[in-house]
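Chemist: sharing a sequence plus its predicted fold:
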Amino acid sequence: MMSKRWCELNAEERRLYNREKNAISRKRKREANPARVVIDTPKAAADREKAKRCYDRMKERDLEGALKKNRDHVRAMREKKKWTPVQHLVANAVKNVLKPYRKSDSVKKRQAYEERNRLASNLRQRIRAVLKRSVVEKRNHTLHVAGCTMAEYNAHMHAQLAPGEDMRDMSCDHIWPLAMYNLADENELRKAANLFNM
């Protein structure tokens, strides 16, 4: 084939020649830029499993909606691949300008937490602050230390309210001060942070 000039080659010979040249070019690129070695960490595997469970639950709730959302995402990614460098540059510039003014969904959800989450957050902050002052590491979840569930904790706190009072107007404190206990001892910590000491 190489003994002929390009103009003398027929369509099939030109196609074969181009295929060979493209294969050589791809091989050179692979050798010059070897594939990045991806280290699969336990966290990455756990995140994949979590994403798969979330997608499966979404499909169970609304199969058509999940499939449509997936198709829209794939279509958007294909369109994005066709963008020119200028379009990518403009999109990134707009995103960076709007970033300070756009709150993520997680922040919005955290700001819109219910009263039960606020109570648990206050308890966590109080336990954490006391342990920090005592130079003690927090080894368990706060509700595990308190020996109750979220529902039991909320029921106990609301049971102490007088009629017409709201938890937002009240302050939560321990009956026996936490300073009386040796918080480095796990048993002492559980006694101090127990539900019935509030």
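Modeler: Cool, the structure landed. All figures in this text were calculated on a predicted structure; none of them were measured in a lab. Residues are numbered from 1 along each chain as shown.
Chemist: list the buried ones in stretch 117-134?
Modeler: By neighbour count on 16 or more other Cβ atoms under 10 Å, the buried set for stretch 117-134 is 119, 120, 123, 126, 127, 130, 131. Placement of C-beta: from N, CA and C, glycine included.
Chemist: what strand or helix carries the last one?
Modeler: If I follow you right, that is residue 131. Under the assignment given by DSSP states H and E, the secondary-structure element containing residue 131 is helix 115-133.
Chemist: counting by contacts, list what that helix packs against.
Modeler: Here helix 115-133 is seen to pack against helix 142-146, helix 150-159 when contacts are counted using 3 or more Cβ pairs under 8 Å, 6 or more residues apart in numbering; DSSP states H and E.
Chemist: tell me which helix or strand of the protein sits lowest on mean pLDDT?
Modeler: Among the secondary structure pieces of the chain, namely its helices and strands, helix 105-111 has the lowest mean (mean pLDDT, DSSP states H and E), a mean of 65.
Chemist: returning to what we had before: among the buried residues of stretch 117-134, which one lies nearest to residue 71?
Modeler: For the buried residues of stretch 117-134, the closest approach to residue 71 (Cβ to Cβ) belongs to residue 120, at 39.4 Å.
Chemist: tally of neighbours for the spatially closest residue to that closest one that is not a sequence neighbour?
Modeler: Using Cβ to Cβ, 6 or more residues apart in numbering and skipping the chain neighbours, the partner closest in space to residue 120 is residue 150 (6.1 Å). Number of residues near residue 150 (other Cβ atoms under 10 Å) recorded here: 12.
Chemist: same thing with residue 193?
Modeler: 25.
Chemist: contact partners of stretch 80-90?
Modeler: The contact list for stretch 80-90, computed with Cβ atoms under 8 Å, 6 or more residues apart in numbering, reads residue 91.
Chemist: quick one, longest helix in this structure?
Modeler: In the chain, assigned by DSSP state H, the helix with the most residues is helix 11-32.
Chemist: using CSV, write down the CA coordinates of that helix.
Modeler: Output in CSV follows, covering the C-alpha atoms of helix 11-32 (Å, rounded to 0.1, in the frame of the first residue of the first chain):
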residue,chain,number,x,y,z
ALA,A,11,-11.4,3.9,-0.8
GLU,A,12,-10.9,0.6,1.0
GLU,A,13,-7.1,1.0,0.9
ARG,A,14,-7.3,4.6,2.3
ARG,A,15,-9.6,3.3,5.1
LEU,A,16,-7.2,0.6,6.1
TYR,A,17,-4.2,3.0,5.9
ASN,A,18,-6.0,5.5,8.2
ARG,A,19,-7.0,2.7,10.6
GLU,A,20,-3.3,1.6,10.9
LYS,A,21,-2.1,5.2,11.4
ASN,A,22,-4.8,5.9,14.0
ALA,A,23,-3.9,2.7,15.9
ILE,A,24,-0.2,3.8,16.0
SER,A,25,-1.2,7.3,17.1
ARG,A,26,-3.4,5.9,20.0
LYS,A,27,-0.6,3.6,21.1
ARG,A,28,1.9,6.5,21.3
LYS,A,29,-0.6,8.6,23.3
ARG,A,30,-1.2,5.7,25.8
GLU,A,31,2.5,5.2,26.2
ALA,A,32,3.1,9.0,26.7
